[in-house]
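S.K.: 3D, please:
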Amino acid sequence: MAQLTTPDRPRRQAAARQAAVRRPKARWWRGAVLLVAGLYFVVPLAASTWFSIDEPQGLSLKAYTGLLSAPGFLDSLRLTLELALVTVLVLLVLLVPALIAVRLGAPRLRPVIDLLCTLPLVVPPVALTAGLIGVLRWGPDYLMDTPFFQTFVFVQNPDFPLVLVIAYVLMALPLAYRSLDAGLRAVDVRTLVEAARNCGASWPRAVFTVVLPNLRGALLNASFLTLALVLGEFTAASILGFQPFPVWIYSVGNSQAHMSVAVSILSLLLTWLLLLLLATVGRQRGAKTATS
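M.R.: I've put the predicted structure just below:
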């Protein structure tokens, strides 16, 4: 045995030396890739920022300082945030109980749920919006003398168009589903619920106090993806004739290019700020759970 293992030691030492020599090169290439990726994102942002402050009279922050007084800015931003909040709540209320129920009681329905939740990926937003327009036009013609007519009027209220919530829920459904499904795959839901039930907890209490805290990261990811989609969605709102924040940015860009770029930069910073806020909240709650 000594004769067989002794010749392998120089080979292993040589392989270890080669690996040690190659590690700095791998780190150097990783740094180069990160640098190129950073430049890919930073250079356009820097150019856009320069364009927004470059005036014929010189550098000026007028495009940023005039946002609050710009007509429609606060109203469109408030409407978009309200739509995003309602969309997130609707998605979580629909998906979380359904996915938990499927994992606990009907695992054979998982392929069906997966197909239904990912189906909106194959439907372009333009086609989805055209379908909604067809339904909205069909309703008043055939339901004029029925109580459902007021429903079609209510969902198209310009102050808070629920039809946009329906469109956003369908568009964000695959993203939210994938995030929640990944979180549920990482957690043994059945074991957690059975343990809570053996300790005397009811079904709702077992779900709210045991399962949902373990899905905190998945819930935050699904919420952020939905929020980012609503903050940047333009097609459905523009075709349906409403003016949330992305549509307002487009309308301002036709007359005030500098302000349009400034609003786009601020919306991007707002999205990053919300992402950092959600990540911070998730870490703080995770730290409190670990210490308790």
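
S.K.: To which secondary structure element is the nearest residue to residue 48 once chain neighbours are set aside assigned?
M.R.: Spatial nearest neighbour of residue 48, chain neighbours left out: residue 261 (5.2 Å); criterion: C-beta to C-beta, 6 or more residues apart in numbering. No exception for glycine: its C-beta is placed from N, CA and C like everyone else's. Secondary structure assigned from DSSP states H and E places residue 261 in helix 257-291.

S.K.: one step back: against residue 36, how distant is the residue nearest to residue 48?
M.R.: Distance of residue 261 to residue 36, given as C-beta to C-beta, to the nearest Å: 24 Å.

S.K.: Please apply the same query to residue 30.
M.R.: The value you get for residue 30 to residue 36, if C-beta to C-beta is used, is 11 Å.

S.K.: measure stretch 177-194 end to end?
M.R.: End-to-end distance for stretch 177-194: 24 Å, by C-alpha to C-alpha, to the nearest Å.

S.K.: Let me see the mean pLDDT of it.
M.R.: Per-residue pLDDT over stretch 177-194 has a mean of 86.

S.K.: Equivalent analysis for stretch 239-249, please.
M.R.: Average pLDDT, stretch 239-249: 87.

S.K.: what does that stretch contact?
M.R.: Applying C-beta atoms under 8 Å, 6 or more residues apart in numbering, the contact partners of stretch 239-249 are 72-73, 76-77, 79-80, 83, 126, 129-130, 132-133, 158, 161, 163-164, 167, 231-234, 237-238, 251, 260, 263-264, 267.

S.K.: Please indicate which of the residues you listed are buried?
M.R.: Among those, those buried by neighbour count (16 or more other C-beta atoms under 10 Å) are 73, 76-77, 79-80, 83, 129, 132, 161, 163-164, 167, 231, 233, 237-238, 260, 263-264, 267.

S.K.: Can you get me a residue count around the nearest residue to residue 207 once chain neighbours are set aside?
M.R.: Leaving aside its sequence neighbours, residue 207 sits nearest to residue 100 (C-beta to C-beta, 6+ apart; 6.3 Å). Residues lying near residue 100 (other C-beta atoms under 10 Å) number 18.
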